[in-house]
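A.B. asks: Turn this into a model:
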Amino acid sequence: MQHWFAEQDAQQLVWLTFDKQGESTNTFSRQALEELNSALDEVRTTNPRGLVIRSAKDNFIAGADVNAFVNFKGSDEAIAWFQECIDTGLASDPDEFWEPMSEYELAEWRLGQLRDLPQS
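C.D. replies: Numbers count the residues shown, from 1 in each chain. Just a heads-up that it's a prediction; the model follows:
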């Protein structure tokens with residue numbers, strides 16, 4: 001993993017740290033979210049007493065890195081990935097997934113995606 005690392009202490013607590021490599025601020029990109037899902041799967045296998053999620057930077061998360069989502073090849077791929085986020089528990093519904101974004105940013109991104117993605 002490039003952006004997340006975990007360590008377990010003597011009290012059986014897992015400390016999961018977010019440190020977006022090459023960036024001064026942590027933002028959720030597609031890769032960072034996929035790595036978070038993998039990290040949580042790994043944590044589950046250790047059966048810890050608790051989990052602490054923290055940042056290696058001064059802030060925790062500045063929001064979504066919407067530029068990272070423009071690489072979807074079509075609307076089907078984007079929808080499938082968002083559904084996977086819901087299915088794996090990264091989000092319980094699409095609105096919760098986008099919570100770090102303002103309503104204006106979300107609307108602007110969705111309109112841009114509808115305009116730019118090929119219809120399948």
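A.B. asks: Report the contact partners of residue 17.
C.D. replies: Residue 17 makes contact with 4-7, 53-56 under the criterion Cβ atoms under 8 Å, 6 or more residues apart in numbering. Placement of C-beta: from N, CA and C, glycine included.
A.B. asks: pretty sure it is in a strand, no?
C.D. replies: Yes: assessed by DSSP: H, G, I helix; E, B strand; the rest coil, residue 17 belongs to a strand.
A.B. asks: what is it paired to in the beta sheet?
C.D. replies: Applying DSSP bridges to residue 17 gives these bridge partners: residue 5, residue 54.
A.B. asks: any chance you could map the strands in the chain?
C.D. replies: Remark: strands of the chain, listed N- to C-terminal, are 4-8, 13-18, 50-55; assignment by DSSP state E.
A.B. asks: in the shortest one, what's buried?
C.D. replies: Residues of strand 4-8 classed as buried by neighbour count (16 or more other Cβ atoms under 10 Å): 4, 6.
A.B. asks: For this structure, which helix extends over the most residues?
C.D. replies: Looking across the chain with DSSP state H, the single longest helix is helix 30-46.
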